Each structure stands twice: as structure tokens, then as C-alpha cells.
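A.B. asks: what shape does this take:
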Amino acid sequence: MNRIKAKLKYKQNGFDIVEKGDYVVCAVSGKNILLNDLMYWNVELQEAYFSPLEAKIRFEQIKNNK
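C.D. replies: Numbering: from 1, shown residues only. Predicted coordinates:
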């Protein structure tokens, strides 16, 4: 099955679909995330995360770069 990458605008309590698609890519792991499974993202960085683990990794990266 061919899937199409979506483009989203992440908001505090959800997201807007800018370009229709089935999935987005995790900014940390590179894993595909189906839109129905997307639960973790960063509004400020406008990026998605596969799980809380990837979100924590990104948080630590940002914290260590300050």
C-alpha cells in the first residue's frame, strides 16, 4: 500500500493538516507515524515524535544545547 506523507501545523491541542497524507516522520528516529497514531509533537519546533522516548530525547538535546 502506498502511503502519502502529510504536512501538518502542530498546535497546543491538536494539529491542522496543511497537505493531506497518511503519515508524518519522527524528527528523532525517522520512523513513520500514521496520523491516527500521532500523539507527541513540539509546537515550538513544529516536529513530531514517534513516542514519549523520542520526545524525551529531543528535550534533552535542546536542554544540553543551551
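A.B. asks: can you show me the strands along the chain?
C.D. replies: Taking DSSP state E to define them, one finds strands in the chain at 7-11, 14-19, 23-25, 32-34, 40-42, 47-49.
A.B. asks: please list the outside residues in contact with the fifth one.
C.D. replies: Counting by Cβ atoms under 8 Å, 6 or more residues apart in numbering, the neighbours of strand 40-42 from elsewhere in the structure are Tyr10, Phe15, Ala27, Glu47, Ala48, Tyr49, Phe50, Ser51, Pro52, Glu54, Ala55, Arg58. In this view, the C-beta of every residue, glycine as well, is placed from N, C-alpha and C.
A.B. asks: same question for the last one.
C.D. replies: With contact meaning Cβ under 8 Å, 6+ apart, strand 47-49 is reached by 8, 10, 24-28, 33, 38, 40-42, 55, 58.
A.B. asks: need the contacts of strand 40-42 in TSV with pLDDT, distance to Asn2 and neighbour count, can you?
C.D. replies: Converted to TSV, these look like this (pLDDT from 0 to 100; distance: Cβ to Cβ, whole Å; neighbours: other Cβ atoms under 10 Å):
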residue	pLDDT	distance to Asn2	neighbour count
Tyr10	98	25	17
Phe15	97	22	18
Ala27	98	23	18
Glu47	98	24	19
Ala48	98	20	25
Tyr49	98	24	25
Phe50	98	21	21
Ser51	98	25	16
Pro52	98	29	10
Glu54	98	25	20
Ala55	97	28	20
Arg58	96	29	18
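A.B. asks: between these, which is closest to Lys66?
C.D. replies: Arg58 (13.3 Å; Cβ to Cβ).
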